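Participant: how would this look folded up:
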Amino acid sequence: MSFFISPDKLPQGSSVTFYDSSFFTRVQKHQPCRLPVFKELGVVVKQSEKSSAIISEGQCLRAVRRFLPEVPVPEVYGWTQENGITFLYMGYIESLWRTVGIKRGASAKSSKRPSPNCLIYVENLTVNSSFCPCWSFSSVTEFHNCMSDMFKWPAKMRQPDLDPADILDPYRESLPDNCPIHFTHADLNPVNIMVSEDSPCRVMAILDWEQSGWYPAYWEFCKAEMTTEFDSEWQTTYLPKVLDEPDCIEVFYSYINAFGP
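Facilitator: Numbers count the residues shown, from 1 in each chain. Below you'll find the model as predicted:
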């Protein structure tokens, strides 16, 4: 049997990816996969279809590593985009994840405490908040007003003709408008804190800075508590050793419950 293939029918270009090949079809497109790690090269690759978020994280890591060297973060090697996917290349850090257990991680509390606190000195450079919806606010008061507007939104959806000024928000006056603005990680969950295998236990890196920005000072504690198991050791014992509980914690949860399903 003979056949003829025209050169223009062959794959062209210096960089070609066959997305219909078995390598890509073995895994569903939206199926979550583990972070690619290349230990021999010292590289970790993070990818996302949300290009703005992952690029912002790369920019943040570069800035933190340069201006706050006492905060342990991965070194960023660069990022690139291909077919709508953004790839962030970072340094691999030999350490343990949450699997070490919360008790072992507690021995690192003395080295963890300076990390969040030193971030507060990067304040008032700009106001760059990431509360849903995402935009910048000129002041804490404006940020809180947005939270209040979101609280009123369900009632407005039910009654479109209703004046928002007539909708009662019983929590707004309890939000501290005089609260200072701090640069905030905004996701200090145990899974984002890598600790050393040796003793004494040390914090090797704080990961996942996608949500970071300039927030009211209470935001760091509230988010760190909210994203972990209720009444867990992290919440009741170890988080208070790292961050101080703010007076407005109950008001914060009142808004979160109102925003939830």
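
Participant: residue 215 versus residue 179, what's the distance?
Facilitator: According to C-beta to C-beta, to the nearest Å, residue 179 stands 9 Å off from residue 215. In short, each C-beta sits where N, CA and C put it, glycine included.

Participant: what about the two, which has more around it?
Facilitator: Set residue 179 next to residue 215 and count neighbours by other C-beta atoms under 10 Å: residue 215 wins out with 26 against 19.

Participant: next one: phi and psi at the more buried one?
Facilitator: Per-residue torsions, residue 215: phi -130, psi 170 (degrees, to the nearest 10).

Participant: low-confidence stretches in the stretch 1-150 of the chain?
Facilitator: 1-3, 27-34, 95-135 (pLDDT under 70).

Participant: what's the first helix or strand after the longest helix seen in the chain?
Facilitator: Using DSSP state H, we find that the single longest helix of the chain is helix 140-158. Using DSSP states H and E, the helix or strand that directly follows helix 140-158 along the chain is strand 181-184.

Participant: could you spell out the sheet neighbours of that next one, each with its direction?
Facilitator: When pairing is defined by DSSP bridges, strand 181-184 lines up against strand 213-216 (antiparallel).

Participant: pull the distance from the partner strand to the chain's centre.
Facilitator: 13 Å (C-alpha atoms, centre = their mean, to the nearest Å).

Participant: likewise stretch 62-78?
Facilitator: 15 Å.

Participant: can you give me the buried ones in that stretch?
Facilitator: By 16 or more other C-beta atoms under 10 Å, the buried positions in stretch 62-78 come out as 63, 64, 65, 68, 71, 72, 73, 74, 76.

Participant: got the end-to-end distance for it?
Facilitator: 10 Å (C-alpha to C-alpha, to the nearest Å).

Participant: look up how far residue 22 lies from residue 84.
Facilitator: Counting by C-beta to C-beta, the separation of residue 84 from residue 22 is 21 Å.

Participant: so what's residue 244 up against?
Facilitator: By C-beta atoms under 8 Å, 6 or more residues apart in numbering, the contact set of residue 244 is residue 221.

Participant: gap between it and residue 220?
Facilitator: 10 Å.

Participant: one more: residue 226?
Facilitator: In terms of C-beta to C-beta, residue 226 sits 11 Å off from residue 220.

Participant: ok, these two, which is more surrounded?
Facilitator: Neighbours per residue, other C-beta under 10 Å: of residue 226 and residue 220, the larger number sits with residue 220, 26 against 15.

Participant: is it true that that one touches residue 185?
Facilitator: Yes: between residue 220 and residue 185 a contact is recorded at 6.5 Å, counting by C-beta atoms under 8 Å.

Participant: need the three-state assignment for residue 15.
Facilitator: Here residue 15 is recorded as coil under DSSP: H, G, I helix; E, B strand; the rest coil.

Participant: and the strands in this protein, which stretches?
Facilitator: According to DSSP state E, the chain carries its strands in the segments 37-38, 43-48, 76-82, 85-91, 181-184, 193-195, 203-206, 213-216.

Participant: of those strands, which is nearest residue 173?
Facilitator: When the strands of the chain are compared by C-beta to C-beta, strand 213-216 sits nearest residue 173, at 15.3 Å.
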